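Chemist: sequence unavailable; structure follows:
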Ligand code: SF4
Ligand code: SF4
C-alpha cells in the first residue's frame, strides 16, 4: 500500500492537500490498523493527495492530558506543532476523535492552527465534491446502529456526517435509546483505556453494548478506534460475535466499494 | 396607634431584606475566593444563552414531565410576584388592594383570577413533585449523597410553596368585599363557603392573618434560599451567563505549564539564569486543585447554583455502572467545603486559618476522580450549565503534577508517551509498519 510521508513529499518539493494524522491506535493497534488501511484505500480511490508523518508522528498527548499530566501533554503538543508547522501543514484528517479534538481545540492556543477533519467529515466532503461515490449496495437491508464517540459527538457536536455516510450504504440505520448528545460513553475516554476500571457492578463497555444490542443490529458502526475496541470486547463478553460485527465507517465504505 | 401595622410592616421588610442582602454579600465574597477566569467576552452569545437556558428553561424540557411541572412552578412563582408588589405597597401605606383602583375592576379581576389559577396549578405541580421525591422510586433521588439535609431541603421548599399558595387563596376567599364583587375568584370562590358560618369579624381576622403570614412566609422563603439548593432560582442566571462557551472537548491549556515547557524546550534558555526583574518573589504555582480556593470563581459559582437534581449523575457512565463517582456529589462537596471555608474566615476575622482539611480526600476521594471517562455527559445534561468535569480534571491535575499519585497503569502509559511517543510500549521507528501489513 502506498502511504507517502511528509518527508518524501518535501524531498520532491511537493505539498500534499491534506495530512493524515494516523494516531497511536491507528499505527500500532492491530484492530485499528485495519481502519487506517481502509481509510487510505478510500483516499486513493478519491485521488486525494495526502501524506502521513510516519515515524515523525508522536502521541498528541490527549491521554496524558486527561490523566491530569498537563506537562507531558504540552511537551507532546509543542513537539508535534514544531513538526507540523515545519511542514507548513494546513489541513489535517484523522480517524481518531481524540486526536481530532486535541488538534482542533487544544493545539491552537499553543501555536498549532490547522483545519482539522474527522474522517467521516472528510469523506462526506469528498462525496459532495463529486470525488467519491458509494455505489455498492451489498450491505443493503442490514441493520446498522451507530455509537457516537464522546469526543466527536458531545465534545464537538459532530453527529450528522457519520450518519449521512451510513445512510448512503443503503442500510437500515437504527438509533440506540441513548444517542447523539445523550449517547453513553464506551468507557475508554479520559485515559480509562489504559487502566482497569474502578470497582463497580458492571463494565461501561458492557452497558453500552447492551444499548446497542437492544436495537438488534447486524453491525455496530463506530468512528473511533477506542470505541471499536470497547464495543468489540463487549460483543465478545455477550458472546454475540457470530451475529454482530463491529466496524468503523471507513471499513464499511471500503468494503462497499470493494477496496 | 393606627400607623402601628405600617411601621411593623416596614420593620419586618427591612429586617427580611437586610438579612438576605447580608447573606448574598457573604456568598459573593466566597465565590471571589476562587481564581480569576475571564468570562467577559462574547457578550451577545452569553446573553442569548442566559435567556434561552435560564429564562427559557430550554434544557429543563429534555425530560418532559419534570420539565413541564418545573415550568408551571417557575412561571407561577414569577408572575405571582406582581401580587407581592401589591402586598408590599398595601403594607407600607395601609391601603387595601391598591391595584384594583389603579387598574380598574375588570382588569384587576382578570389578573387576580389568573393568579388564582396559577396558584392552583403550582399547588398541583408541587404535590406531584412531592410524590415523585418521596413515593415513586426515582433512582436519582435515592443516591447516597441525597440522604439527610439534601432530601429534607427538597421537601421543605415544597411545603413552603404549598403553604404560600394556600395562604394566597385563603386570603382571597376571606376578603368579603372581594368575594362579593365576584370579579376574579375562580378558585377562591370555592373556598369561601367554608367560612360561611363565621362572624364577619373572624373572617376579617383570618383574612388579615393570611395576609400577614403570606408576606412573612415570602420573606422567610427569601432568607431560606441562601441555605438551600433553591438558591438556583437566582444563580441560574449568572451561572448560565458565565458558562463555558468553548467546545466541550476543549480543556484549558494551563498557562503556567506553557511557560515552563517553553523554557524547557528552548535550547537557548539558561536554566540557571536569574528570573527577570520583578519576578524573583514569585511563589511557585500550584498545579491543579486540591481545595476550593484553587478552583476558579465560575466553578465556585457552579457549586452554589447546583440544584441537586441529579440529572448529571443519572447520565454518568461511571455512576450507571456502580462506581463511586457522582458528578452531583462533586458539586455538593465543593459547595459544602466552600461554606466551611467561608465560616472559617468569618470566625477568624476575615482570614482563613488552616483547618487541616481540604476538598481532596476529606470530601472527594481519588477513587471518584479516577473513575471519570471525561465523556461530558454530565455537562450536557445539567439544566443550568454546570461543569462538574472541569473540577474533576483540575483535581486530577493536582494528583498527578503535585503528588505523582496516578494509578500505576497510568504512570506506565505516561512513561510510554514520554519515551516512545505512544501510550504503548512500541518503538517509534515502527510507526508506519501498518501501511505494509496486508
Ligand atoms: S464526564 Fe466524568 S463525571 Fe461527567 S458524566 Fe462523564 S464520566 Fe461522569
Ligand atoms: S450539576 Fe447540574 S445536573 Fe448535576 S445535580 Fe447539579 S444542577 Fe443537577
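Modeler: Looks like it arrived, so ask away. Owing to the predicted nature of the structure, the values given are computational and were not obtained by experimental measurement. Residues are numbered from 1 along each chain as shown, chains lettered A, B, ... in the order given. Ligands and ions are numbered 1, 2, ... in the order given.

Chemist: in what helix or strand does residue B:38 lie?
Modeler: When secondary structure is defined by DSSP states H and E, residue B:38 falls outside every helix and strand.

Chemist: equivalent analysis for residue A:187, please.
Modeler: When elements are defined using DSSP H and E, residue A:187 is found to belong to no helix and no strand.

Chemist: what's the burial count for the nearest residue to it once chain neighbours are set aside?
Modeler: The shortest distance from residue A:187 to any non-neighbouring residue, by C-beta to C-beta, 6 or more residues apart in numbering or on different chains, is to residue A:204 (3.1 Å). In this view, the C-beta of every residue, glycine as well, is placed from N, C-alpha and C. Residue neighbour count, defined by other C-beta atoms under 10 Å in any protein chain shown, stands at 26 for residue A:204.

Chemist: I'd guessed residue A:204 sits against residue A:189; true?
Modeler: No. The pair residue A:204 / residue A:189 is not scored as a contact, 9.7 Å apart, by C-beta atoms under 8 Å.

Chemist: so who does the residue nearest to residue A:187 touch?
Modeler: For residue A:204, the set of contacting residues under the criterion of C-beta atoms under 8 Å, 6 or more residues apart in numbering or on different chains consists of A:184-187, A:192, A:197, A:230, B:317-318, B:320-321, B:373.

Chemist: among those residues, name the ones in helices.
Modeler: Using DSSP state H, the members of these that fall within helices are A:230, B:317-318, B:320.

Chemist: name the nearest residue to residue B:307, sequence neighbours excluded.
Modeler: According to C-beta to C-beta, 6+ apart, the nearest residue to residue B:307 is residue B:232 (4.5 Å).

Chemist: sorry, wrong one. I was asking about residue A:27.
Modeler: The spatial neighbour of residue A:27 that comes closest, neighbours along the chain excluded (C-beta to C-beta, 6+ apart), is residue B:431 at 4.9 Å.

Chemist: any bit of the host helix or strand of residue B:70 sitting next to ligand 2?
Modeler: For residue B:70, the host element (DSSP H and E) is helix B:64-93. No. Legend: contact between helix B:64-93 and ligand 2 by C-beta under 6 Å from any ligand atom is lacking; minimum distance shown is 11.2 Å.

Chemist: who are the packing partners of that helix?
Modeler: Contact here means 3 or more C-beta pairs under 8 Å, 6 or more residues apart in numbering or on different chains; DSSP states H and E; on that basis helix B:64-93 packs against helix B:4-31, helix B:98-103, helix B:105-134, helix B:149-173, helix B:200-225.

Chemist: does the shortest one pack against any helices or strands, and if so which?
Modeler: The reference is to helix B:98-103. With contacts taken as 3+ C-beta pairs under 8 Å, 6+ apart, helix B:98-103 sits against helix B:64-93, helix B:105-134.

Chemist: pick the most buried one from these.
Modeler: The highest average neighbour count among the helices and strands packed on helix B:98-103, using mean count of other C-beta atoms under 10 Å in any protein chain shown, belongs to helix B:105-134 at a mean of 18.

Chemist: count of neighbours near the residue of the stretch 51-200 of chain B found nearest ligand 2?
Modeler: When distances are taken as C-beta to the nearest ligand atom, the stretch 51-200 of chain B reaches nearest to ligand 2 at residue B:140, 8.3 Å away. Around residue B:140 sit 17 other residues, with neighbours defined as other C-beta under 10 Å.

Chemist: ok, now which ones touch residue A:250?
Modeler: When contacts are counted by C-beta under 8 Å, 6+ apart, residue A:250 touches A:35, A:38-39, A:42, A:95, A:119, A:123.

Chemist: closest to residue B:337 out of the residues you listed?
Modeler: residue A:95 (42.2 Å; C-beta to C-beta).

Chemist: how many neighbours does that closest one have?
Modeler: Under the neighbour criterion other C-beta under 10 Å, residue A:95 is assigned a count of 28.

Chemist: again with residue A:98
Modeler: Neighbours of residue A:98 under the rule other C-beta under 10 Å: 29.

Chemist: kindly report the same for residue B:154.
Modeler: Burial of residue B:154 is recorded as 21 neighbouring residues (other C-beta under 10 Å).

Chemist: cool, residue B:227 as well?
Modeler: 13.

Chemist: tell me the pLDDT at the residue of the stretch 151-259 of chain A found nearest ligand 1?
Modeler: Closest to ligand 1 within the stretch 151-259 of chain A is residue A:185: 6.1 Å, counting by C-beta to the nearest ligand atom. According to the per-residue confidence, residue A:185 scores 98 in pLDDT.

Chemist: next, work out how far apart the closest residue to residue A:32 other than its chain neighbours and residue B:80 are.
Modeler: With C-beta to C-beta, 6+ apart as the criterion, residue A:32 has its nearest non-adjacent residue at 3.6 Å, and that residue is residue A:225. Going from residue A:225 to residue B:80 by C-beta to C-beta, to the nearest Å gives 56 Å.

Chemist: same check on residue A:209?
Modeler: Counting by C-beta to C-beta, the gap from residue A:209 to residue B:80 is 50 Å.

Chemist: what's the answer for residue B:237, then?
Modeler: 19 Å.

Chemist: repeat for residue A:79
Modeler: Using C-beta to C-beta, one obtains 62 Å as the distance from residue A:79 to residue B:80.

Chemist: how about the strands in the stretch 151-259 of chain A?
Modeler: Under the criterion DSSP state E, counting those that start in this stretch, the stretch 151-259 of chain A contains strands at A:172-174, A:219-222, A:245-248.

Chemist: from those, which stretch is densest packed?
Modeler: Sort the strands of the stretch 151-259 of chain A by mean neighbour count, taking mean count of other C-beta under 10 Å, and strand A:219-222 sits at the top with a mean of 26.
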